[in-house]
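K.L.:
quick one: sequence plus predicted model below, questions after.
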Amino acid sequence: MAHVVVLGAGLGGTIMAYEVREELSKEHKVSVVTNGSKYSFVPSNPWVAVGWREKDAIEVDLTGVMKRRNIELYSQGAKRVHPEEKRIELNDGSDVAYDYLVISTGPDLAFDEIEGLGPEGHTQSVCHVDHAVQAKTAFDKLVANPGPVIIGAVQGASCFGPAYEFAFILDKALRDAKVRDKVPMTFVTSEPYVGHLGLDGVGDTKGLLESEMRNHHIKWINNAKVDRVEDGKMFVTEVAEDGSVKTNHELPFAFSMMLPAFRGVEAVRGIEGLTNPRGFIVVDKHQQNPKFPEIFSVGVCVAIPPMGPTPVPVGVPKTGFMIESMVTATAHNIGKLVRGEQPDAQGTWNAVCLADFGDSGIAFVAQPQLPPRNVNWSSSGKWVHLAKIAFEKYFIHKIKSGKSEPAYERLAMQALGIQKLKEVKFEIEDA
């Protein structure tokens, strides 16, 4: 009997457990190690932060779902992975041994790398549902006492989509509250240009996003390095193309949401041969670690090198579609190993994103993720907003039901052909 342990129960970890359970026969054991028993749909956090969703609406208690799927759930969380011993040390002092391990922890949020950054400092976050709940309180204060707003992503960040989403969602929420005219907005990003997204742009994301920024009266600062944050004040160095200092900005704010840089979680960080210097898991084309071949990894915690040098460091995003392709390949490869065969499946590392702007949005597809590409497409419209709602409904239903069909692949690939509103409505009903 083989024991497969999935470390982490976010978007990648939960469906990883479902798919590997289906891949293996009943005599093999599948377990999940995670902090707590709740799954939370992270892409909905920006809606929570302005009161368009409640926390309970985007969470699923995994206890019953995992039990029905014959998956054991360890909700104590992991303190440290010991790959030489093939065991995970849990936070309560107990251990879980494994034959195969899939690391899908998501990232550690590196707020501490910048003085004053984050929910424990002076800026808000939508990276975790609890952060979004805290941001909602700050949003209510902003509506009551309007003032300048700063939204964006700091140096080293690799997930830019939610920053753009939140900027436009906040704009819509402030318009609904009839105070947008009292709130100057600035987008501060480490990207070399608006719409870079850590991917050197996809289709016309640069033109589309710059146009949206102008239409929504949002100013922006590119090549921005956040030096520190004080209460109501952000200190930003704008860097020139040659790396020299272009301008020093002292920006006042009444509300700010800044995405941090990511790094690997403490349970794996610093393990030689398993992680890179930032703590991300090193994998080959089969999602398998070269030094510890019984360890695989999927999702945001996977090490992917940046596109290339930029004046301010930016990372590479991992979208939901890409993560699902990693999961399917990994489940297949573990099944192969359990049956005494060699891994042969590779994930299709394509980037697919629906960025909701509250009443419209921008979608893009990059196949493959890094240029030159076979597909390099972007589009905008109200249909993106509706498609994002469909994603939420479909994926939360998928987690609750324990189904493993690829939601992102099914809907996002169809987005290439969705240009008519009636077609999007059909997708929502079908979801």
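P.N.:
Perfect, I can see it now. Numbers count the residues shown, from 1 in each chain.
K.L.:
so where's the chain uncertain?
P.N.:
Applying pLDDT under 70 to the chain flags the ranges 404-431.
K.L.:
80 instead, please
P.N.:
By pLDDT under 80, the low-scoring segments of the chain are 307, 321, 370, 403-431.
K.L.:
secondary structure class for I389?
P.N.:
helix (DSSP: H, G, I helix; E, B strand; the rest coil).
K.L.:
what about the strands in the stretch 1-150 of the chain?
P.N.:
For the stretch 1-150 of the chain, applying DSSP state E, counting those that start in this stretch gives strands covering 3-7, 29-33, 38-40, 59-61, 71-74, 78-82, 87-90, 95-97, 100-103, 108-109, 149-153.
K.L.:
L117: which of those strands is closest?
P.N.:
Judged by C-beta to C-beta, the one of the strands of the stretch 1-150 of the chain that comes nearest to L117 is strand 108-109, at 9.6 Å. (Each C-beta comes from the backbone N, C-alpha and C, glycine too.)
K.L.:
listing partners with orientation, what would you give for the closest one?
P.N.:
With DSSP bridges as the test, strand 108-109 is paired with strand 262-263 (antiparallel).
K.L.:
and for the partner strand, what are the contacting residues?
P.N.:
Strand 262-263 is contacted from outside by 107-110, 156-159, 269, 278-280, 300, 315, using C-beta atoms under 8 Å, 6 or more residues apart in numbering.
K.L.:
repeat that for 6 Å
P.N.:
Here strand 262-263 makes contact (C-beta atoms under 6 Å, 6 or more residues apart in numbering) with 107-108, 110, 158, 278-279.
K.L.:
after that strand comes which helix or strand?
P.N.:
Helices and strands here follow DSSP states H and E; after strand 262-263, the next one along the chain is strand 295-297.
K.L.:
pull out the buried residues from that following strand.
P.N.:
Along strand 295-297, these residues count as buried under the neighbour rule (16 or more other C-beta atoms under 10 Å): 295-297.
K.L.:
same for it, what does it pack against?
P.N.:
In terms of contacts (3 or more C-beta pairs under 6 Å, 6 or more residues apart in numbering; DSSP states H and E), strand 295-297 is packed against strand 100-103.
K.L.:
switch to 8 Å and redo it
P.N.:
Using 3 or more C-beta pairs under 8 Å, 6 or more residues apart in numbering; DSSP states H and E, the elements in contact with strand 295-297 are strand 100-103, helix 320-338.
K.L.:
picking that back up, just the contacts of strand 262-263 now: which is nearest R180?
P.N.:
For the contacts of strand 262-263, the minimum distance to R180 (C-beta to C-beta) is 29.9 Å, reached by S158.
K.L.:
that closest one touches P317, doesn't it?
P.N.:
Yes: judged on C-beta atoms under 8 Å, S158 makes contact with P317 at a distance of 5.5 Å.
K.L.:
any shared contact partners between the two?
P.N.:
G198.
K.L.:
list the contacts for D99?
P.N.:
Counting by C-beta under 8 Å, 6+ apart, D99 touches 2-4, 86, 294.
K.L.:
swap in C127?
P.N.:
Neighbour list for C127: 42, 45, 109, 162, 259-260 [criterion: C-beta under 8 Å, 6+ apart].
K.L.:
the stretch 1-150 of the chain: helices as residue ranges?
P.N.:
Taking DSSP state H, counting those that start in this stretch as the test, the helices found in the stretch 1-150 of the chain are 11-23, 45-49, 62-68, 129-144.
K.L.:
the ones you listed into a markdown table, with extra columns for distance to F253?
P.N.:
Formatted as a markdown table, those follow (distance: least, C-beta to C-beta, whole Å):
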| stretch | distance to F253 |
| --- | --- |
| helix 11-23 | 31 |
| helix 45-49 | 16 |
| helix 62-68 | 37 |
| helix 129-144 | 10 |
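K.L.:
which stretch among the ones you listed comes nearest S378?
P.N.:
Nearest to S378, of all those, is helix 45-49, at 19.8 Å by C-beta to C-beta.
K.L.:
show me what that closest one is packed against.
P.N.:
So helix 45-49, by 3+ C-beta pairs under 8 Å, 6+ apart, packs with helix 129-144, helix 161-176.
K.L.:
name the nearest of the buried residues of strand 295-297 relative to E23.
P.N.:
Nearest to E23 among these: F296, at 12.4 Å, using C-beta to C-beta.
K.L.:
just confirm that closest one contacts Y100, I think it does.
P.N.:
Yes: counting by C-beta under 8 Å, F296 touches Y100, with 7.1 Å between them.
K.L.:
need the overlap of contacts for those two.
P.N.:
Common neighbours of F296 and Y100 (criterion: C-beta under 8 Å, 6+ apart): I334.
K.L.:
follow-up on the earlier one: rebuild the strands of the stretch 1-150 of the chain as a markdown table, extending it with distance to F235 and mean neighbour count.
P.N.:
Converted to a markdown table, these look like this (distance: least, C-beta to C-beta, whole Å; neighbours: other C-beta atoms under 10 Å):
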| stretch | distance to F235 | mean neighbour count |
| --- | --- | --- |
| strand 3-7 | 38 | 26 |
| strand 29-33 | 40 | 23 |
| strand 38-40 | 32 | 20 |
| strand 59-61 | 36 | 17 |
| strand 71-74 | 43 | 19 |
| strand 78-82 | 36 | 18 |
| strand 87-90 | 40 | 19 |
| strand 95-97 | 45 | 14 |
| strand 100-103 | 36 | 28 |
| strand 108-109 | 21 | 20 |
| strand 149-153 | 11 | 27 |
